[in-house]
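Colleague: got a predicted structure here, sequence first:
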Amino acid sequence: MGALELQSTGVAGLDRLIGGVPRGSRNLLYGPPGTGKTVFAMQFLWTGLQNGETVAYDVFDRPWEHMRRYFESFGWAVRPFEERGRLLPIQAFEHFDPYPRDPAVEYFSLDDFETMRAIDRRLSAAGVTRFVAGDNTEHVFETLSEERWREVETWTVNWAFFDGVTNFDLMSEAADGSPRVRRMIDLTFGLAHNVFRFRVAERGGRLRRELRIEKMEGLAHPLDWLPFEIGPEGVRLLDA
């Protein structure tokens, strides 16, 4: 990779503020459930598909057919891109019998670090430039050791940067405040190049979704909470 290359988020108003996100960066979307993280990430992938890029989605423990319908609810028909090898779905949790496997999905477990790395390299070889993982919760830390999570995180940061894959990891805030979980959260925040925090806040007696760029390397960015709405065409920043 040479000079800094920015990729559009596809979110109206946000790209005008920051210009996009640096290609090859590790981005964390963090906040409580229902605050808009998943739609934001889906819109990022859809924008890449519209730009002729190849993208991948690690759907964790959601059936991929559910995510297809989620995309389509915004008018984002992803199945044709799957059929052309432009959208590659994977699932980072073991498949559960007796339910059928989706033939479009490559399944693996986070416990299998070598398989995870091999999949990442295959995504790079396929020309993937955008990758989304999650929505996950902090409870994943209960099933992984600190050593394994450090391996996963440091590998992902290096893979994203050196192979030019912009990575968005979604993490839902949880109530567990144990020292071990706190250390793993701090590691995740510390290694991410950019952190977007999401919330729902009350303004003038009404609830609204907001996001804040808590950390961003290499780009000028606002620190204020930015209100947005989720409409028929996805996420749109308000007052921007």
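Modeller: Thanks, I have the structure now. Residues are numbered from 1 along each chain as shown.
Colleague: could you list the buried residues of stretch 4-14?
Modeller: By 16 or more other CB atoms under 10 Å, the buried positions in stretch 4-14 come out as 6-14. C-betas here are computed from N, CA, C, even on glycine.
Colleague: residues in contact with that stretch?
Modeller: 15, 19-24, 40, 43-44, 46-48, 50-51, 129-130, 164, 166, 218-219, 226, 228, 234-238, 240 (CB atoms under 8 Å, 6 or more residues apart in numbering).
Colleague: about what we covered before: can you list the buried residues of stretch 4-14 in JSON lines and add pLDDT?
Modeller: As requested, those are arranged in JSON lines below (pLDDT from 0 to 100):
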{"residue": "Leu6", "pLDDT": "96"}
{"residue": "Gln7", "pLDDT": "97"}
{"residue": "Ser8", "pLDDT": "97"}
{"residue": "Thr9", "pLDDT": "97"}
{"residue": "Gly10", "pLDDT": "97"}
{"residue": "Val11", "pLDDT": "95"}
{"residue": "Ala12", "pLDDT": "85"}
{"residue": "Gly13", "pLDDT": "92"}
{"residue": "Leu14", "pLDDT": "95"}
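Colleague: ok, the residues you listed vs Glu82, which is closest?
Modeller: Gly10 (18.9 Å; CB to CB).
Colleague: output the contacting helices and strands for the helix or strand that contains Thr188.
Modeller: Per DSSP states H and E, Thr188 falls inside helix 179-191. For helix 179-191, the elements it packs on are strand 26-31, helix 146-163, judged by 3 or more CB pairs under 8 Å, 6 or more residues apart in numbering; DSSP states H and E.
Colleague: run the last query once more with 10 Å
Modeller: On a contact count with 3 or more CB pairs under 10 Å, 6 or more residues apart in numbering; DSSP states H and E, helix 179-191 meets strand 26-31, helix 146-163, strand 166-172, strand 194-203, strand 206-215.
Colleague: that one: how far from the chain's middle?
Modeller: 18 Å (CA atoms, centre = their mean, to the nearest Å).
Colleague: that one to helix 146-163, inter-axis angle?
Modeller: With axes from the mean of the first three to the mean of the last three CA atoms, to 10 degrees as the basis, helix 179-191 and helix 146-163 are set at 10 degrees to each other.
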